[in-house]
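A.B. asks: Okay, sequence plus prediction incoming.
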Amino acid sequence: MDDLQKQNLEKVKKLVQSAKRVCILTGAGVSAESGIATFRGYSEETGESLWSKYDPQQLASIDGFLQDPEMVWQWYQWRREVNQDKQPNPAHIAIAQWQKRAKQSGQQDVTLVTQNVDGLHQKAGSDPKQYSVIGSLIELHGNIWQNHCLQCSKEHLEDVTGVQQVPKCQSCGGQIRPSVVWFGEVLDQNKWQAAETAAYCCDLFLSIGTSSQVYPAAGLMMLAKSQGAKIVEINPEPTQNSVVDYQIKGKAGEFFPQIVNN
Ligand code: BJW
Ligand code: ZN
């Protein structure tokens, strides 16, 4: 570890201890050490990223689904199959434990905003139920394990394991789709408002495992900075984001627990 990295780690540990309101934004990189593929950035654990093999406009856009629903549904079924046994890694666990400690002590608010749809933060113990309340988990891009009707929006709880054709909604006959946010779709407004509030009010913003290329999530960092928050990034391939105050160049599962458990 070089001197700058050591200095940054020590400074970030102090910030973590003294912050009153914290907003954590996570991306695919936080799940890379659990064996889940990232979208763009390279990850040592899974090799190629999803978008190096597949076209996001075809598979993760509303137009793609309208054009070829079967292909998109089957791609999500494949990802569900591949991801079903994946477990939280030390980064997910350390985040959830920090949130729990913060809630119990009443000394800090630690809100987790994730772009991930894999459900691993929940599995680790972060709480998504009250996403409008500071201190919980906000799944900004939805959850791959949930489904709803494209036409009437009804949530569908039935087990779709192994179903290879797009299921039909029993209420309206519409197509059932995964409850994730595709390109060209607006985010859930309650979730987005909660995320903006957490970023706006925080004094420490931690960006972990995201390439910061997808909006509006990528804009949260700038919002936090505009209100005077310190900005920390943990990523083996640091982004060129000029608003970052402290870069921790490395893996989330290795460095995040060091920062919060001391
Ligand atoms: C590690 C690691 C380790 C590796 N430890 N780190 C403003 C400007 C420009 C464009 C737009 C804009 N506003 C809106 C847009 C359009 C669009 C957009 O942002 N496009 C950009 C790509 C240019 N945004 C939208 O369409 C959004 N909707 C919207 O804005 O609505 C309003 C609107 C509607 C209509 C017209 C216009 C506006 C919706 C975005 C939805 C994103 N959906 C996806 C798919 C979800 C479902 C699924 O899983 O299939 O969400 S795309 C994909 O990218 C996924 C992710 O959540 C998201 C972000 O990716 P993330 O998490 O950053 O992952 P990677 O792979 O990019 O990066 C991983 C990082 O980890 C790398 O940096 C590695 O180095 C690092 N890493 N190992 C720590 N061990
Ligand atoms: Zn329906």
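C.D. replies: Done, it's in. Ligands and ions are numbered 1, 2, ... in the order given.
A.B. asks: Strands of the stretch 1-150 of the chain, start to end?
C.D. replies: Using DSSP state E, counting those that start in this stretch, the strands of the stretch 1-150 of the chain run over residues 21-26, 109-114, 137-139, 142-149.
A.B. asks: okay if I get those strands as TSV plus mean pLDDT, mean neighbour count and distance to M221?
C.D. replies: From N, CA and C alone the C-beta is placed, and that goes for glycine too. Formatted as TSV, the strands of the stretch 1-150 of the chain follow (pLDDT from 0 to 100; neighbours: other C-beta atoms under 10 Å; distance: least, C-beta to C-beta, whole Å):
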stretch	mean pLDDT	mean neighbour count	distance to M221
strand 21-26	97	27	7
strand 109-114	96	26	11
strand 137-139	94	26	15
strand 142-149	97	18	21
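A.B. asks: Mind checking these for the one nearest to D85?
C.D. replies: Closest to D85 of those, according to C-beta to C-beta: strand 142-149, at 13.0 Å.
A.B. asks: returning to that earlier point: and the strands of the stretch 1-150 of the chain: which comes nearest ligand 1?
C.D. replies: Closest to ligand 1 of these, according to C-beta to the nearest ligand atom: strand 142-149, at 6.1 Å.
A.B. asks: any idea of the angle that closest one forms with strand 109-114?
C.D. replies: Interaxial angle, strand 142-149 versus strand 109-114 (axes from the mean of the first three to the mean of the last three C-alpha atoms, to 10 degrees): 60 degrees.
A.B. asks: touching ligand 2 at all, the helix or strand following strand 142-149?
C.D. replies: Next along the chain after strand 142-149, taking DSSP states H and E as the criterion, comes strand 155-156. No. Between strand 155-156 and ligand 2, judged by C-beta under 5 Å from the ion, nothing touches; the nearest distance is 8.4 Å.
A.B. asks: Retrieve the pLDDT associated with K100.
C.D. replies: Residue-level confidence at K100 comes out at 93, pLDDT.
A.B. asks: mind listing what the closest residue to it other than its chain neighbours touches?
C.D. replies: Nearest residue to K100, sequence neighbours excluded (C-beta to C-beta, 6 or more residues apart in numbering): G125, at 6.7 Å. By C-beta atoms under 8 Å, 6 or more residues apart in numbering, the contact list for G125 reads 93, 96-97, 99-100.
A.B. asks: Same check on M221?
C.D. replies: M221 neighbours (C-beta under 8 Å, 6+ apart): 25, 199, 205, 207, 212, 231, 241, 243-244.
A.B. asks: What backbone torsions are found at the closest residue to G142 other than its chain neighbours?
C.D. replies: Closest residue to G142 apart from its sequence neighbours, by C-beta to C-beta, 6+ apart: V180 at 4.1 Å. Backbone dihedrals for V180, given as degrees, to the nearest 10, come out at phi -120, psi 160.
A.B. asks: roughly how far apart are V180 and ligand 2?
C.D. replies: Between V180 and ligand 2 the distance is 17 Å, computed by C-beta to the ion, to the nearest Å.
A.B. asks: what's the answer for V260, then?
C.D. replies: For V260, the distance to ligand 2 equals 43 Å [C-beta to the ion].
A.B. asks: cool, and C152?
C.D. replies: Here C152 is placed at a distance of 3 Å from ligand 2 (C-beta to the ion).
A.B. asks: didn't that residue look like it was pressed against G173?
C.D. replies: No. Look at C152 against G173 with C-beta atoms under 8 Å: they stay out of range, at 9.2 Å.
A.B. asks: Break the protein down into its structural domains.
C.D. replies: With domains defined by automatic domain parsing, the chain comprises 1-36+88-141+186-262, 40-85+143-180.
A.B. asks: which residues does the residue nearest to G142 contact?
C.D. replies: 60, 76, 117, 141-144.
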